[in-house]
Every structure is written in structure tokens, then in C-alpha cells.
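> my questions concern the predicted model and sequence given below.
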Amino acid sequence: MTKRLVLQSVLLLLATGLAMGVRAQVSTVGSISGTVRDSKGAGIPKAEITFQERDTKQSHKATADSNGFYSIQGLPVGAYSVSTAPKGFKTTVTDVDLHVGDNLAINLTVEVGQISETVNVTSETAQVETRSGDVSSLVSEKQVTELPLNGRNYAQLVTLVPGFSPVTQAGAGGAFNTTHGTGLDSHVDFSSSGNGSNENLWTVDGVNNMDVGSNATLLVFPSVDAIAEFKVERNSYSAEYGQAQGAVINLVTKGGGNQYHGTGFEFLRNDALNSNNFFLNRAGQPRGVLRYNNYGFNFNGPVALPGFGEGGKWYRIFKNKAFFFWSEEWRKERRGTTLTGNSPTSAELLGDFSGTLTGPLPYVPHTCTKDANGNIIRSTCTNFPGNKIPTNLLSPVGLKLMALYPGANAGGSNFAKTLLQPVDTRQDLIRGDFNLTSKMSLMVRLSMRLGPTVRTPSNGGTLLSRRLLRIGTNRATVLPLS
């Protein structure tokens, strides 16, 4: 009874997951088809073809029809060894790299001989897609990991593809904003083939990764070291990519293999290595603080579990059956953001506006004429004598508030200062792959981003209010500015 209940629960969870996934997923697999022929071109009927993934050793099989034609669908992305050994012929082996969305044609030619004899087929020519009219470009794992990326933001690599342009040319500060980190704090605004910048679809392992509010930000950013590849579909793609009018960026994450592998990294920036900002240098202010540390690790391999009651080793490694990939990445940044603007002069803080002004000139309240819309006509207002507010109109409380304002410290826009902008994020990715049978596999993945929402202070304009208050026992009078 207990086993039956457990089985029913597992089936229910799988059915629920499939029902939720079918609606949102796009393809992350590929297919291979072709023919098996002898040296004279005759088809070999009922030949069995084996497709073995080189890292996980997972095998898939297909059988040719009476004409020697075979086809296998739904192969996971990876490097495969394709082999066939019909009776009376040598074993023929060729290596194939299968990428996301590929539909490859691999024709095998066998030679008469013993099965124990092997013929390795190598090809120097690139595999060309001849069975689909889609216009797409592949960004490989090597490009993702080796090309320089500001902020380790893989989205910048789409600019390698023809027909793509950012909304602005500011790079990391515009269409690909890496200053604020990743996730909802960044943007991926770019146009594909003239379409709108918010008409693209980004997926991770086939699942929509877009924030549906703006359609210009990504929910999760897999670490660069966790990306196997991604394909950019630009035009004439199939109906399964129906959620976009522009481009479809289909990303596939890495999985584990039969060997344990791990890497660690650290990228740093520090203000000790930088020169000073022009405006801070002119104002005699120290350079802005910059402490940038981007570090993390990834570890992958076969799943190992305790071997209770089995004797021998206390653990069991499930090679060829179960694999994991674990990636963690942290970003800790303390960046000084330079602000410039106008601050009241020492005379203005005491009500004296007879000198150089940093803002509009105050006027005597209730002396102005208003137009038909109720707006004050400034030319009709009366200025204070000598443009100085009389001492008896200055509020002692207002003067104390004015004393809290920082004084001018530069020329032109007379105030310059750096404000500290903290950015702390963490990106997690854990993936598991399970070979249940030769025809069934299961992949589960958890992606998560932890981090605060960052807000950058505004730059320019009048930074500080210059209104002086006249406070009575039961009222407050504001001296207006034009």
C-alpha cells in the first residue's frame, strides 16, 4: 500500500510538471537523421545506429528502415559518437557536435568486414543546416567563456549576431546595464532586424526568462561558467517560438558528466588602481570609492549517495545514470557615484541674494499678480530691498536647517561629491540530469538570484532646497522662489 501511494505521488508530480512545462517551453534539443549505405550506395535495411554522448555515456538507439533511412528526435545538446555495425560489415564511427535546435543529416557508409574492425570517419567541413529555413546564429561555450564581458553579463554577446543593435550606444550603461548588477536591476534593450526592443524572447533551458512587465529585463542570469551555449533565432523560425516578434535567444545550461570537475574565479577592481574623476579632481575632492569583487565557483560530476546496507564502500557513484552541476557566483561592489549640481552659497544660506545666484531670486510674498490660470507673473512681484531678506523674517529653525547643508566646493556647478552605491548579489544554479532508460531522461534545475534593488542617485540640477521658513506659533510661511 505504501509503495503504491509513493508511486502515485511521483506520477502526479511528473504529470503536474509536464502540464506546466508544455505551455511555456521551447525546444532545447536536436535531431539527427540520415542513411546507412554500403560502398556501392545501396541502403542497409534494419541497421541499428547508436548515439552515445561522450561525457555522460548515455546511449540512444535508432533503427533504419528497409531503405536504410534512420531518424532520431529529442537528443540533448552535446558531443556524440554515432556508430553502426550491421552484420557482415565493419563498425563505422563518426563524431558529431549537436547544438540546440539542430536538425543534422549524418550519412554513414559501411565497409564489408568483421564487426571487430572499426572505421573512424572524420570530416573537416562544417555541418550545414539544410532542412530548415530559419535564420539563426550559435554563440558557443568557447565564445561565452573566453570573450571579455563587462560585469560577466552574457547578454552582451548577442551584439555579435548580424542585425542586432542596442537601443543606445552606451553599452553597459544603456541597453546592457551592468552597473546595477544582473536580474531585474539590469536591462537587455536591443532591436533585432528593426523590431521593437521589447519584442524579443529570452529562454533558459526552454523556459521563458523574461520579466513580463517590461519585457526588457531577465529574471535570472546564469553564471557565464554555467552556460553550455545559446542560439539566436533571427528570422523564419518555427511556430514553437510564437512568443516573440523579434529574436529568440535560447540558452542551454551545462550538465555534469562522469568525471568530477570544478573551477573557481575572482575578478576585482579597486580605486587604488584608478585615476580621479575630472569633476572631483577640479573640486579638490578625493577619488570615489570602488571595491569590486566578483567571485564564485562551479562543481559537477556524477551523483554519489551513501550505500547503506550494501557492504563495501560507504558510498555509491551513479556513473552513466545521474549527474549534477552546481554553480555559485557572488558580486560585492562599493562604488562611489559622482554627483554635481548647485548648492546655496554661504551668503544665500543667511538670506543674502545680492551676489552670484545659484538659483531663482526670492521675492516678497503676496506681492505678485496672477494670470487667468492662477499662475504667478514673476515680473509683477516685488523683490526684497537689495535682494536681502530682512533678518526679522528669517526663522531661527530655518537657519539651523540651512546650516546642515554642505557648502559649495567647486566652480560652475558649485557642488561635487561621491555617494557610495552598494551592490550585493548572489546567483545560484543547481542542475540534475538523470538517465532513466535509453528512451527517457529527466532534467531538473533550480536557478535563483538574491540581491537588493539598487537605486542610483540623480545627477545634475539644484541638489539642495533653498526655501527659508518663517515659523509662527500655529503656521509656517514659505518664502517662494520664482
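Everything's here; your move.

> and Ser83, how far is that from Asn250?
29 Å (C-beta to C-beta, to the nearest Å). C-betas here are computed from N, CA, C, even on glycine.

> more neighbours: which of the two?
Taking other C-beta atoms under 10 Å, Ser83 and Asn250 do not tie; Asn250 has more neighbours (25 against 21).

> for the more buried one, list each beta-bridge partner.
Thr203, Lys231 (DSSP bridges).

> same deal with Thr425?
Arg331.

> didn't it look like it was pressed against Glu328?
No - the pair Thr425 and Glu328 does not pass the contact test of C-beta atoms under 8 Å, sitting 11.5 Å apart.

> neighbour count for the two, which is higher?
Thr425 (21 against 17).

> run through the chain and note the low-pLDDT ranges.
Residues of the chain meeting the criterion pLDDT under 70: 1-25, 123-131, 168-186, 308-312, 314, 410-412, 452-482.

> leaving out the residues flanking it, which one is nearest to Gln427?
Among residues not flanking Gln427 along the chain, Glu329 sits closest, at 4.5 Å (C-beta to C-beta, 6 or more residues apart in numbering).

> shouldn't the one you found be within a strand?
Yes - assessed with DSSP: H, G, I helix; E, B strand; the rest coil, Glu329 lies in a strand.

> neighbours around it, how many?
24.

> also the one 5 residues further on?
Under the neighbour criterion other C-beta under 10 Å, Arg334 is assigned a count of 16.

> now it. Nearest residue, chain neighbours left out?
Here the residue nearest Arg334, using C-beta to C-beta, 6+ apart, is Arg291, at 4.2 Å.

> cool, Ala403 as well?
Of all residues not flanking Ala403 in the chain, Leu349 sits nearest, at 7.2 Å (C-beta to C-beta, 6+ apart).

> what's the local residue count around the one you found?
20.

> double-check that it belongs to a strand.
No - counting by three-state DSSP, Leu349 falls outside a strand, being helix.

> and it, what does it touch?
Neighbouring residues of Leu349 by C-beta atoms under 8 Å, 6 or more residues apart in numbering: 399, 402-403, 405.

> may I have stretch 76-96 exported as CSV, CA atoms only?
Extracted C-alpha coordinates of stretch 76-96, given in CSV (Å, rounded to 0.1, in the frame of the first residue of the first chain):
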residue,chain,number,x,y,z
PRO,A,76,20.0,16.5,-25.7
VAL,A,77,22.7,19.0,-26.7
GLY,A,78,26.2,17.6,-26.6
ALA,A,79,29.1,15.8,-28.3
TYR,A,80,28.0,12.4,-29.7
SER,A,81,29.7,9.4,-31.1
VAL,A,82,27.5,7.9,-33.8
SER,A,83,28.2,4.3,-34.7
THR,A,84,26.7,1.4,-36.6
ALA,A,85,27.8,-2.2,-37.1
PRO,A,86,25.4,-4.1,-39.4
LYS,A,87,26.1,-7.9,-39.7
GLY,A,88,28.9,-8.6,-42.2
PHE,A,89,30.2,-5.0,-42.1
LYS,A,90,32.9,-3.2,-40.1
THR,A,91,31.9,-0.9,-37.3
THR,A,92,31.7,2.7,-38.6
VAL,A,93,32.1,5.5,-36.1
THR,A,94,31.8,9.3,-36.6
ASP,A,95,31.8,12.2,-34.1
VAL,A,96,29.1,14.8,-34.1
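
> which parts of it are buried?
For stretch 76-96, the neighbour count (16 or more other C-beta atoms under 10 Å) marks 76-78, 80-86, 89-94, 96 as buried.

> for Asn293, name its beta-bridge partners.
Applying DSSP bridges, one finds that Asn293 bridges with Leu268, Lys332.

> wait, isn't it in contact with Asn270?
No - using C-beta under 8 Å as the test, Asn293 is too far from Asn270 to be in contact (9.2 Å).

> neighbour count: these two, which is higher?
Neighbours per residue (other C-beta under 10 Å) separate Asn293 from Asn270, with Asn293 holding more: 14 against 11.

> leaving aside the residues next to it on the chain, what's closest to Leu38?
Not Leu; residue 38 is Asp. Leaving out its chain neighbours, the residue that sits closest to Asp38 by C-beta to C-beta, 6+ apart is Val110, at 5.8 Å.

> what do you get for Asn277?
Leaving aside its sequence neighbours, Asn277 sits nearest to Thr338 (C-beta to C-beta, 6+ apart; 5.0 Å).

> enumerate every residue touching the residue nearest to Arg334.
Taking C-beta under 8 Å, 6+ apart, we find Arg291 in contact with 269-271, 332-335.

> report the secondary structure state of it.
strand.

> look up how far Asn270 lies from it.
6 Å.

> circling back to that earlier point, what subset of the contacts of Arg291 is buried?
271, 333-335.

> now render those residues as TSV, adding distance to Pro222 and secondary structure.
TSV is the format used below for the buried ones among the contacts of Arg291 (distance: C-beta to C-beta, whole Å; DSSP: H, G, I helix; E, B strand; the rest coil):
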residue	distance to Pro222	secondary structure
Asp271	30	helix
Glu333	20	strand
Arg334	25	strand
Arg335	24	strand
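
> quick one: the strands in the stretch 101-250 of the chain?
103-105, 108-110, 118-121, 135-139, 164-166, 190-192, 201-204, 207-208, 227-235, 248-253 (DSSP state E, counting those that start in this stretch).

> can you put these in CSV and add distance to Gly151?
Formatted as CSV, the strands of the stretch 101-250 of the chain follow (distance: least, C-beta to C-beta, whole Å):
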stretch, distance to Gly151
strand 103-105, 35
strand 108-110, 46
strand 118-121, 43
strand 135-139, 17
strand 164-166, 15
strand 190-192, 16
strand 201-204, 17
strand 207-208, 23
strand 227-235, 15
strand 248-253, 17
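
> tell me which of these sits most buried.
strand 248-253 (a mean of 24; mean count of other C-beta atoms under 10 Å).

> what is that strand packed up against?
strand 201-204, strand 227-235 (3 or more C-beta pairs under 8 Å, 6 or more residues apart in numbering; DSSP states H and E).
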